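Undergrad: Predicted model and sequence follow; I will ask about them next.
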Amino acid sequence: MASPATTLQSALLLQKQLKELSKHPVEGFSAGLADNDNIYEWEIMIIGPPDTLYEGGFFKARMTFPKDYPLMPPKLKFISEMWHPNVYPDGEVCISILHPPGEDKYGYEDAGERWMPVHTVETILLSVISMLSTPNDESPANIEAAKDWREDYPAFKKKVQRIVRRSADML
């Protein structure tokens with residue numbers, strides 16, 4: 001459990017990052033608090049990157065920060081429907097920089113690829129946008145999506161296009 005000092009430091013850091021994103025928005029996403037009384041719960045809107053299957057989509061996500069952020073990574077979960085090899089069926093995003101720091105017990109990831117306290121909301125979301133552009137099907141979170149991606153790309157593309165259309169209709 002995080003100490004009161006750690007919790008205060010993480011809250012101040014998150015307020016600073018939120019203020020910075022408000023002053024200097026980054027193309028491809030927007031971020032704000034899900035509830036003004038909770039700095040640890042953020043609502044994210046990711047815009048499907050140009051020249052990808054997700055182009056034209058608007059994908060809502062929730063980023064939940066631990067009280068010991070930035071020592072430990074937040075969790076990012078799509079609220080909008082998502083079909084992607086690196087997104088679990090429940091919407092949780094599985095990318096290296098969101099995995100706890102240190103060595104991977106399975107030996108798949110190098111410690112340098114995992115969470116580091118230098119990461120910010122901006123670097124995380126830019127990594128997610130990159131993930132949408134280039135899925136990693138070597139270590140899939142969604143086995144069915146990875147299988148479609150590798151073995152039946154037209155079916156994968158059709159599912160993603162349907163999700164993109166639905167996401168635009170939800171706005």
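TA: Happy to help now that I have it. Numbering: from 1, shown residues only.

Undergrad: Go ahead and confirm Ser80 touches Phe59.
TA: Yes. Using Cβ atoms under 8 Å, Ser80 is in contact with Phe59, at 4.4 Å. Using the backbone N, CA and C atoms, a C-beta is placed for each residue, glycine as well.

Undergrad: Now the common contact residues for those two.
TA: Ser167 (Cβ atoms under 8 Å, 6 or more residues apart in numbering).

Undergrad: more crowded one of these two?
TA: Phe59 (25 against 16; other Cβ atoms under 10 Å).

Undergrad: Just the buried positions in the helix or strand hosting the more buried one, please.
TA: If you go by DSSP states H and E, Phe59 is part of strand 58-64. Across strand 58-64, burial judged by 16 or more other Cβ atoms under 10 Å covers Phe58, Phe59, Lys60, Ala61, Arg62, Met63.

Undergrad: Neighbouring strands of that strand in the sheet, and parallel or not?
TA: Strand 58-64 sits in its sheet next to strand 41-47 (antiparallel), strand 75-78 (antiparallel), going by DSSP bridges.

Undergrad: Show me where the protein dips below the pLDDT cut-off.
TA: For the chain, the stretches flagged by pLDDT under 70 are 1, 106-107, 171.

Undergrad: can you pull out the helices in it?
TA: For the chain, applying DSSP state H gives helices covering 4-23, 121-133, 143-151, 153-169.

Undergrad: With distance to Glu92 and mean neighbour count added, can I get the ones you listed in TSV?
TA: Below are those laid out as TSV (distance: least, Cβ to Cβ, whole Å; neighbours: other Cβ atoms under 10 Å):
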stretch	distance to Glu92	mean neighbour count
helix 4-23	20	14
helix 121-133	12	19
helix 143-151	13	16
helix 153-169	16	15
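
Undergrad: Tell me which of these sits nearest to Pro73.
TA: Pro73 lies closest to helix 121-133 among these, at 7.9 Å (Cβ to Cβ).

Undergrad: So which other helices or strands are in contact with that closest one?
TA: When contacts are defined as 3 or more Cβ pairs under 8 Å, 6 or more residues apart in numbering; DSSP states H and E, helix 121-133 packs onto helix 4-23, strand 29-33, strand 41-47, strand 58-64.

Undergrad: Let's see that with 7 Å instead.
TA: Contact partners of helix 121-133 among helices and strands, from 3 or more Cβ pairs under 7 Å, 6 or more residues apart in numbering; DSSP states H and E: helix 4-23, strand 29-33, strand 41-47.

Undergrad: Ile143: which of the ones you listed is closest?
TA: Taking Cβ to Cβ, strand 41-47 is the member of the helices and strands packed on helix 121-133 nearest to Ile143, at 22.8 Å.
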